[in-house]
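**Q** The following block contains a protein sequence and its predicted model.
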Amino acid sequence: MASKPDIVFLPGAWHSANCLDKVVPLLTAKGYTTYAHTVKSVGVPHVTVQDDAAYIRDEILEPLFQKDRRVILVVHSYAGTPAAPAIKQLHVKDRKAKGQPGGLVGIIYVTSYLFSSAGFGAVEREAKIQGLGTFGSINIEEDLIYPREDLEFFYGDVDEEMAKATLSTLKPHSLSALLTDIEEYGYREASYGGCRAYIKCLKDTPIPIMFQNHMIESSGVTWETRELDTGHSPFLSQPEQLSSTINELIQGFKI
């Protein structure tokens, strides 16, 4: 790779971009221009996964592309769901063929959902709501789901003081974003062959390793995979290891 691409990093449900404050400087130190963004559905009711996808595509990525920037998109947890439709036809190869500047040169999912509706797929609304109850407290009238407040769920291997501080910053998440389905999966496009990766977290509680493996195997495409011996939040528990793994994957991408 002649010059290093920019990195855009998106955390998942309930989490704001500041939860990435430990890993972003490490990626910057490796020579990347790195951006952290919060998905639109954090703290805002009635935002759908399609709204998040449009936000990622039009308001986060497109401004960089207009500057002719080459970008790696890194997504964690829920952020992988809207990312799937958002990245359709955004690879630099596809954009160049249409005479457009910039584009994605790779995607990295970090213990992230590859399927619609936070992994529940096309099932009935009530079944989805019941499943989402595992993750927090649901208020249907407000169209919000509040995160679980026990530290072990998200932050089992994170320093307790840091875990408490992060938990205090979490916001309720749009319930609609977790109930609406996606039908487009940009990562399946041939252009992403050789530049799509999945980082598994072996001790993850919200997305157990068996489910991570199932999603990868059922995705219909080949992923370059790595394993971290961490829980759901490696950007807090092992930021050095996460940043090194991301760097290694990018260096190996076939662009």
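**A** Sure, I can see it.
**Q** Would you double-check that Leu104 falls in a strand?
**A** Yes - secondary structure assignment places Leu104 in a strand (DSSP: H, G, I helix; E, B strand; the rest coil).
**Q** Identify the residues contacting it.
**A** Neighbouring residues of Leu104 by C-beta atoms under 8 Å, 6 or more residues apart in numbering: Leu61, Arg70, Val71, Ile72, Leu73, Ile87, Leu90, His91, Val92, Tyr192. In this view, the C-beta of every residue, glycine as well, is placed from N, C-alpha and C.
**Q** What residue, apart from its backbone neighbours, is nearest His232 spatially?
**A** Asp204 (4.7 Å; C-beta to C-beta, 6 or more residues apart in numbering).
**Q** Also Leu242?
**A** Distances taken as C-beta to C-beta, 6+ apart place Pro234 nearest to Leu242, at 4.5 Å, with adjacent residues excluded.
**Q** and the helix ranked longest in the chain, how far out from the chain's middle?
**A** Secondary structure of the chain read by DSSP state H shows that its longest helix is helix 239-252. Averaged C-alpha coordinates place helix 239-252 at 15 Å from its chain's average position (C-alpha atoms, centre = their mean, to the nearest Å).
**Q** any idea where the helices of the chain begin and end?
**A** If you assign secondary structure with DSSP H, the helices in the chain sit at 24-29, 49-54, 62-65, 80-86, 92-97, 125-132, 151-155, 160-167, 175-179, 209-218, 234-237, 239-252.
**Q** The last one - what's its average pLDDT?
**A** To tie it back to what came earlier, the one meant is helix 239-252. Model confidence over helix 239-252, given as mean pLDDT, is 98.
**Q** contact partners of it?
**A** Helix 239-252 is contacted by residues 1, 4-5, 7, 22-23, 26-27, 30, 32, 72, 74, 106, 108, 110, 197, 199, 224, 226, 228, 230, 234-235 when judged by C-beta under 8 Å, 6+ apart.
**Q** now the fourth one
**A** When contacts are taken as C-beta under 8 Å, 6+ apart, the neighbours of helix 80-86 outside the stretch itself are 10, 12, 39, 49-50, 52-57, 61, 73, 75, 107, 109, 112-118, 177, 182-187.
**Q** Show me which of these are buried.
**A** Of the members of the contacts of helix 80-86, the ones counted as buried by neighbours, 16 or more other C-beta atoms under 10 Å, are 10, 12, 39, 49-50, 52-53, 55-57, 61, 73, 75, 107, 109, 112-118, 177, 182, 185-187.
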